[in-house]
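Trainee: Fold the stuff below for me.
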Amino acid sequence: MFDNIIGNDENKKSLTNIVENNNFLHSYIFSGEVGVGKFTLAKEFAKAILCSNTENKPCNRCKSCESFESSNNPDIIIIDEQEDVIRTEQIKSVAKSVLEKPILGNKKIYIVNNAENMTKEAQNSFLKTLEEPPEYVIIILITSNENLLLNTIKSRCIRIQFNKLSDNEIKEYFIKNSIELDEEMIKAFGGSIAKALKLKDKTEIYKDIKETFDNIEHLNELQIFGLKDKIFSDKEEIYYILDYINTIFYDKILNDLGNTEKYEECISTIEKTKLSLKRNSNYDMTIDNLLFGLERSLKSNG
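Mentor: Have a look, this model is predicted:
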């Protein structure tokens, strides 16, 4: 079961045992980085639960499995919004839907992707469904930022933590899907297949970033602030870029054990920058503050 999914083998074993022993709980949180297989595994888990075959689930032959493959299984409801917000109205429609019994089998499964995008009002509206779900309902919340979920939501769910994929697992995915891979880019992928697919054709850009930040201590103040136009001009890529720069600083910590404080400060500054950007702070001002913080940390602890 789940052999087509790469990585997170312990989670796959746990979910396989749940299916084989018919030992389902009402609500789960799949938590972890973007692009590590949470959503894919949640869908395969749902498919296996609903499969009418008594052995070798999912069988891919029964009516439930076939309707799943054609995205027509009425007992799997997936909320996967393209927008950044899941509103109360959508969750209220779920609350009404859970009262309707399954059609094909004896379970009905709800998967909420990017559950952290639920507004607080939407999460509060969801609480009653989580507190008193019908016995046939299973709910899976998928999140890459568990901290944005209310504690009352988290306390009602079993948490399954997903790890980043290893370099070898990323390579395995690329080989399995016949995609060309520049192995020098693997650190930029951050253990995420989603990032890997997004960045695989941007080798030169990320090599430039690595060269720049490998030697950032040797840049003067003017050169550091010049990075704004050189590296930080692409707003669409900013989170990927910031994550990659942090991997460079982590490597510096590992290779320079006697002088780690300045790199730790740089990592902290980058994490604060990511948080500010997610709060819709002014982009230019936030990047200026980032560069000022990096320059200050590198020089004052140099």
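
Trainee: State the distance from the most centrally placed residue in the chain to Ala188.
Mentor: Closest residue to the average C-alpha location of the chain: Val34 at 1.9 Å, with Cα atoms, centre = their mean. Distance of Val34 to Ala188, given as Cβ to Cβ, to the nearest Å: 14 Å. Placement of C-beta: from N, CA and C, glycine included.

Trainee: before we move on, the earlier item: so who does the residue nearest to the centre of the chain touch?
Mentor: Going by Cβ atoms under 8 Å, 6 or more residues apart in numbering, Val34 touches 144, 192, 194-195.

Trainee: how about a cut-off of 6 Å?
Mentor: For Val34, the contact set (Cβ atoms under 6 Å, 6 or more residues apart in numbering) comprises 144, 192, 194.

Trainee: SS state for it?
Mentor: Using DSSP: H, G, I helix; E, B strand; the rest coil, the structure places Val34 in coil.

Trainee: Can we start the residue count at 44 from this point?
Mentor: Yep, numbering from 44; the last one is Val77 now.

Trainee: so what's it scoring on pLDDT?
Mentor: Per-residue confidence (pLDDT) for Val77: 88.

Trainee: what are the phi and psi angles of it?
Mentor: The phi/psi pair for Val77 (degrees, to the nearest 10) reads phi -60, psi 140.

Trainee: Can you tell me the closest non-neighbouring residue to it?
Mentor: Ser187 (4.6 Å; Cβ to Cβ, 6 or more residues apart in numbering).

Trainee: residues near that neighbour, how many?
Mentor: 20 (other Cβ atoms under 10 Å).

Trainee: ok, back up a step: turn the contacts of Val77 into CSV, including pLDDT.
Mentor: Shown next, in CSV, are these (pLDDT from 0 to 100):
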residue, pLDDT
Ser187, 90
Ser235, 89
Ala237, 87
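
Trainee: In strands, which of the residues you listed fall?
Mentor: Among those, none falls in strands (DSSP state E).

Trainee: Ser340 and Glu264: what is the separation?
Mentor: The gap separating Ser340 from Glu264 is 13 Å, by Cβ to Cβ.

Trainee: which residues touch Lys90?
Mentor: Going by Cβ under 6 Å, 6+ apart, Lys90 touches 101, 111.

Trainee: which SS state does it fall under?
Mentor: helix.

Trainee: Only C-alpha atoms, please: export stretch 153-164 in CSV.
Mentor: Only the C-alpha atoms of stretch 153-164 are listed here, as CSV (Å, rounded to 0.1, in the frame of the first residue of the first chain):
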residue,chain,number,x,y,z
TYR,A,153,-13.3,15.1,4.0
ILE,A,154,-9.9,16.4,3.0
VAL,A,155,-9.1,20.0,3.6
ASN,A,156,-5.8,21.0,1.9
ASN,A,157,-3.9,24.0,3.2
ALA,A,158,-6.1,24.0,6.3
GLU,A,159,-4.1,26.9,7.8
ASN,A,160,-5.9,29.1,5.2
MET,A,161,-9.2,28.8,7.1
THR,A,162,-10.1,32.1,8.7
LYS,A,163,-10.5,32.0,12.5
GLU,A,164,-14.2,32.2,11.9
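
Trainee: buried residues in that stretch?
Mentor: 153-161 (16 or more other Cβ atoms under 10 Å).
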